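Novice: Requesting a structural model of the entry that follows:
(chains A, B and C)
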Amino acid sequence: MLLAARKKLAIRGGRVIDPAQGIDRIADVLISNGKIEEITGKSDGHTPDGYEQIDASGLIVSPGFVDLHTHLREPGQEWKETIATGTQAAAWGGFTTVCAMPNTEPVQDTASVVDDVMRRAEAVGVVRVLPIGAISVGQNGKRLAPMGELADAGVIGFSDDGNPVSDANLMRQALAYSVDLGLPIINHAEDKRLGAGGVMNAGAVATRLGLAGVAAEAETAMVTRDLQLAGLTGARLHIPHVSTIGSITALRSAKERGLNVTAEVTPHHLTLTDEWVYGQHGEVPESVGPESYDTNTKVNPPLRSRADEEVLIEALAEGLIDVIATDHAPHAATDKICTYNEAAYGINVLETAFSSIFTLVDVDPKMLSLGRLIESLTAGPAAILGRDLGSLEKGYSADVTLIDPEMKWTVNPQAFASKSVNTPLAGVELTGRVVITIYQGTKVFDLRNHG
Amino acid sequence: MTDRKIDACSVIVATGHARICDLDPCQHGKDFFVPVNRPVIGRASVANEIDKVVLTGDDIRRALTRISHEILEQNRAARDLVLVGLHTRGVHLAKRLGDNIEKFEGFAPAVGSLDPRLWRDDPDKALDQPLQPSEIPTEVTDRPVVIVDDVLYTGRTVRAAMEALLDFGRAKRIQLAVLVDRGHRELPIRPDYVGKNIPTAHGERVQVRITEIDGEDAVLLGRER
Amino acid sequence: MMADPRRHLLDLDDLDALEIEGLLNSAEGMLEIAGRDVRKTPALRGKTIITLFFENSTRTRVSFEQAGKILGADVINVAASTSSLSKGESLLNTVKTLEAMQIDALVVRHPHSGAPYFIANHTDASVVNAGDGTHAHPTQSLLDLFTVRKHLGDLAGKRIAIVGDILYSRVARSDIIAFQKMGAEVVVSCPNTLLPDEWQPGSILGQQTGFENLEIARNVDEAVEGADVVMALRIQQERQEAGHLPSLREYSDRWGINSRRMAMAHDGALLMHPGPMNEGVEIASDVAHGVQSVIEEQVRSGVAVRMAVLYALCARSRSARNGAGTEN
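Specialist: Residues are numbered from 1 along each chain as shown, chains lettered A, B, ... in the order given. Below you'll find the predicted structure:
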């Protein structure tokens, strides 16, 4: 970002929610030199000279969101997404930091590939991009990637993304090796043999549609194994996109034992169930129709049952699940205009993440507080990264997200900043929307310029 | 006017119509009384003005008797005569003609049935009722065949029936007997035996009711809705 | 006012009993036509029907082809394979290519559940599901209904026992729906490995399962006891390979339909099988060819039922079809 473009900004009169500092009050946020200068005691109605004003009355002022789990597709699959469009989508969704999964082509399993991604991000990225390195060479679960070299190159953790480390011994070695590096291992928890080729959650919907189901236990079994190995090695384990009641039970017991473990949940596992595969926005139709088999609902781990969904919300609310991460997985139209079996796994999430969950919060305010929701998008992931992010503390990078909690809007994927349109939320009316995103003191998204 | 008891459910089955009254679903149940001269077939007819009876049961009996004699005369009482009724009411009329002939001459002509729907040129109309199995009980090649139907109108059904019939064999001759000829032919087709000529307008509806299906013998003239 | 004419036959779940009965009645007429010396009608003259089979099935494809040809349609058989997808031709491309040829109906067999629904979304032609993955096989179910109705009359209150590979069987899914719609009771039995996880032996399914009132027997004897129809499903060798079954021998012993089990069924019960049979495995040879077996009749009924379906979907002229719904 050009330093010359940075101005002094005063965000005035908004409801400032900064869970890291325990702040929730109407106040002004002053920004200069790309850093947070001050949160005023209250909004006092006059602005110091030389500040550009942003009227935030009626808006929520949050630290910029941090996403631990994003797929930017560059290098290698630029027709699905690029660093430029992916980070723009992030900005539109209120995210000022995204952690890029290493399943690019080539895989981010060497320092040179990681360097390349970071250089590109520096050049075209609209928000901060932090790379995640591969656990194994080529992400194929055979041999450890040069994790030390990757750590030196700046990765924030290790993951083979959608490829679970099926070999328990390799997983053990990865965890043990990571201890010295102080970085988490992020393992997609799925026992592929138990999953038996399933394409959606096992259960009544899969049976009715004749689609092969993945039992929830395929995830739970792997989560349980990984937690045992984390205990054995004392390493940091971060469990991505937990989606089952069984995983939550295992996680609770592991945290009670004091293991160094964190977990994330995606917006879609909090808001959608396997009934969305019917293609009727969660309604169960009388008969299967041409709109059923909605390939935009195909994701791994699959959308689960209502019972799972409820337990996930509770676990997030109480802090057992540490953070929300998007698992933003853009795919080209051809990857989704096909049969359900052929369709690629993944949902385009960044631009609907906050609103979809916030709409759920609106539906039942008791389920999940606004403060906790923002915490799980800001301070939560920042703590896992161990970086000075996710807060409006003085001297922190001025990453700020402004949200209009009243605004109603209908999801139109064609208008996304992302290159891809693969969301099952198309046509769904949501409440609450990110209206301005500020990254390092510069506005990188303003809805008024795009509405 | 006398009231007469009809069985609502059996009417549904017999006509193939799902609805017989304005109430949908029909709530009359089995003991549903309707005035005798008020037609109950079809949703439309219930809303009609009372239709005009153009042929009574006796008229129909006499007409069929006459046609039976005419058929015998024209075919010189041929014993290899085949009567083919067109679904649905033509089948029963053909049976009655066959019974008459047996009574008059002491031999029973072969009586068959034919649903020529798949040979029609207006498939959109042909879909309204399920196709019926045809039954031609005998070889038709070199035998005289009389096609029997209730109403002759455009002639399209008869054309379809002739074509369908040809697949069963090369009849010696095909003739046509109808209870009512209401005119308005659209094809060069002419009946050989007619019960009654009833000049009609396009907007009118001729409804033949026969005991085997409708519980009474009558021909009604009403207005198409 | 007429209801909008049916455009596709994808499964039987969106048909009511009256519409199913209409098709079965129509099939009676079709059966007679299919039995004539001259088996040809001009009903679908000028219509083009394509059978698009991504899975081998001589029996079903020929049945549809014969049905279309008796009705006078031009029937073009396309033997596609999913491997052509790896050559870069997507299902969408295939459908759009065929669509450009002005076809009236596409009869689709595909190994993926939902493929005919996908195709229906991308074509103006009528789509007939000739079997999709492990989801549905509606014409098979219609012919099963047709066959049973011929022998037992009204289906209401009849007990239908379906035995075999429930988890992977599209025939089972469509048959459960079809027989239940006609008022029959359906009970299934199979090894627990071939039962969906959420179905418990010894229970009757609730509404949330999507198969309300389906009875899950504890064992095969309980299922066939007093049944009016016993249907054995084909057991695939690959189930054994995938670890669902210890051996076909054990399956045959525990779930095979034999004379002892048929004797437990209602007097005069029918024995059915959607074919092709593994004689000696899921069905013993003596009963498969015995007096209670209507298996060959099922095949014959297939042509008539498919004629009724193709006629119902295609007979309407193209202009009438395009205008449907806009006029009363």
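Novice: pretty sure residue A:178 contacts residue A:234?
Specialist: No. Counting by C-beta atoms under 8 Å, residue A:178 stays clear of residue A:234, with 10.3 Å between them. Every C-beta, even on glycine, is put in place using the N, C-alpha and C of the backbone.
Novice: and the two? which has more neighbours close in?
Specialist: residue A:178 (23 against 11; other C-beta atoms under 10 Å in any protein chain shown).
Novice: Look up the closest residue to residue A:268, ignoring the ones flanking it.
Specialist: Excluding the flanking residues, the one nearest residue A:268 by C-beta to C-beta, 6 or more residues apart in numbering or on different chains is residue A:347, at 5.4 Å.
Novice: Phi, psi for that neighbour please.
Specialist: For residue A:347, the backbone dihedrals are phi -130, psi 140 (criterion: degrees, to the nearest 10).
Novice: show me the contacts for it.
Specialist: Residues near residue A:347 by C-beta atoms under 8 Å, 6 or more residues apart in numbering or on different chains: A:268, A:296, A:297, A:299, A:327, A:328, A:329, A:422, A:423, A:424.
Novice: try residue C:80
Specialist: Counting by C-beta under 8 Å, 6+ apart, residue C:80 has contacts C:52, C:53, C:54, C:94.
Novice: Farthest pair within the residues you listed?
Specialist: C:53 and C:94 (11.8 Å; C-beta to C-beta).
Novice: Settle it for me: which of these two has more neighbours?
Specialist: residue C:53 (22 against 18).
Novice: still on that earlier bit, among the contacts of residue C:80, name the ones in helices.
Specialist: Members of the contacts of residue C:80 lying in helices (criterion: DSSP state H): residue C:94.
Novice: and which of the contacts of residue C:80 is nearest to chain A?
Specialist: The shortest approach to chain A among the contacts of residue C:80 belongs to residue C:54, at 9.9 Å (C-beta to the nearest C-beta).
Novice: Check the stretch 351-451 of chain A for the residue nearest chain B and tell me.
Specialist: residue A:427 (33.5 Å).
Novice: Give me the neighbour count for that residue.
Specialist: By other C-beta under 10 Å, the residues close to residue A:427 number 11.
Novice: Doesn't it lie inside a helix?
Specialist: No. If the criterion is DSSP: H, G, I helix; E, B strand; the rest coil, then residue A:427 is coil and not within a helix.
Novice: got a list of what it touches?
Specialist: Taking C-beta under 8 Å, 6+ apart, one finds A:281, A:410, A:411, A:412 in contact with residue A:427.
Novice: what's the closest residue in space to the last one that isn't next to it in sequence sitting at in phi/psi?
Specialist: The spatial neighbour of residue A:412 that comes closest, neighbours along the chain excluded (C-beta to C-beta, 6+ apart), is residue A:426 at 7.0 Å. Backbone torsions of residue A:426, given as degrees, to the nearest 10, read phi -50, psi 130.
Novice: ok, now residue C:279?
Specialist: phi -60, psi 140.
Novice: How much space separates it from chain B?
Specialist: 33 Å (C-beta to the nearest C-beta, to the nearest Å).
Novice: Could you do residue A:37 as well?
Specialist: 73 Å.
Novice: Can you name the residues in contact with the strand or helix carrying that residue?
Specialist: Element membership of residue A:37 [criterion: DSSP states H and E] is strand A:35-39. Strand A:35-39 is contacted from outside by A:16, A:18, A:21, A:23, A:27-31, A:392-398, A:441, using C-beta under 8 Å, 6+ apart.
Novice: Per-residue confidence, residue C:178, what does it come out as?
Specialist: Residue C:178 is assigned a predicted lDDT (pLDDT) of 97.
Novice: On the three-state scheme, the closest residue to chain B within the stretch 151-300 of chain C is what?
Specialist: Per C-beta to the nearest C-beta, the residue of the stretch 151-300 of chain C with the smallest distance to chain B is residue C:154, at 11.8 Å. Classification of residue C:154 using three-state DSSP returns coil.
Novice: Spatially, what comes nearest to it if we skip its sequence neighbours?
Specialist: In space, residue C:154 is closest to residue C:183, 7.8 Å off (C-beta to C-beta, 6+ apart).
Novice: ok, now which ones touch the one you found?
Specialist: C:17, C:154, C:155, C:156, C:157, C:158.
Novice: so what are the domain limits for chain C?
Specialist: For chain C, automatic domain parsing gives the domain ranges C:17-136+C:302-323, C:138-299.
Novice: measure residue B:140 to chain A for me?
Specialist: 46 Å.
Novice: Mind giving me the ChimeraX command for buried ones among the contacts of residue A:427?
Specialist: ChimeraX command restricting the contacts of residue A:427 to the buried ones, with burial defined by 16 or more other C-beta atoms under 10 Å in any protein chain shown:
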select /A:411
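Novice: residue ranges for the strands of chain C, please.
Specialist: C:48-53, C:74-79, C:105-110, C:126-132, C:159-163, C:185-189, C:203-204, C:215-216, C:229-232, C:270-272 (DSSP state E).
Novice: Show me what the third one is packed up against.
Specialist: Using 3 or more C-beta pairs under 8 Å, 6 or more residues apart in numbering or on different chains; DSSP states H and E as the contact definition, the elements that strand C:105-110 packs against are strand C:48-53, helix C:58-70, helix C:91-99, helix C:115-121, strand C:126-132, helix C:295-314.
Novice: Would you mind giving these as a markdown table with mean pLDDT and distance to residue A:334 added?
Specialist: Output for those, formatted as a markdown table (pLDDT from 0 to 100; distance: least, C-beta to C-beta, whole Å):
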| stretch | mean pLDDT | distance to residue A:334 |
| --- | --- | --- |
| strand C:48-53 | 95 | 20 |
| helix C:58-70 | 95 | 29 |
| helix C:91-99 | 89 | 8 |
| helix C:115-121 | 96 | 13 |
| strand C:126-132 | 97 | 21 |
| helix C:295-314 | 94 | 30 |
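Novice: which bits of chain C sit near chain A?
Specialist: Neighbours of chain A within chain C, by C-beta under 8 Å from any C-beta of the partner chain: C:8, C:10-11, C:13-14, C:85, C:90-92, C:110-115, C:117-118, C:120-121, C:132-136, C:170, C:173, C:196-199, C:208-211, C:242.
Novice: One more pass at 7 Å, please.
Specialist: Counting by C-beta under 7 Å from any C-beta of the partner chain, chain C comes close to chain A at C:11, C:13-14, C:90-92, C:112-115, C:117-118, C:120-121, C:133-136, C:170, C:173, C:196-198, C:208-210.
Novice: if we look at chain B, which of the residues you listed are close to it?
Specialist: Okay, of the residues of chain C next to chain A, nothing touches chain B (C-beta under 7 Å from any C-beta).
Novice: of these, buried ones?
Specialist: C:11, C:13-14, C:91-92, C:112-115, C:117-118, C:120, C:133-136, C:170, C:173, C:196-198, C:209-210.
Novice: what's the closest non-adjacent residue to residue 208?
Specialist: Unless you meant another one, I'm taking chain A. residue C:210 (3.7 Å).
Novice: nope, chain C please
Specialist: Residue C:208's closest residue in space is residue A:204 (C-beta to C-beta, 6+ apart), at 5.9 Å.
Novice: And for the one you found, the neighbour number?
Specialist: 24.
Novice: Might you list the low-confidence residue ranges for chain B?
Specialist: B:1-50, B:124-127, B:225 (pLDDT under 70).
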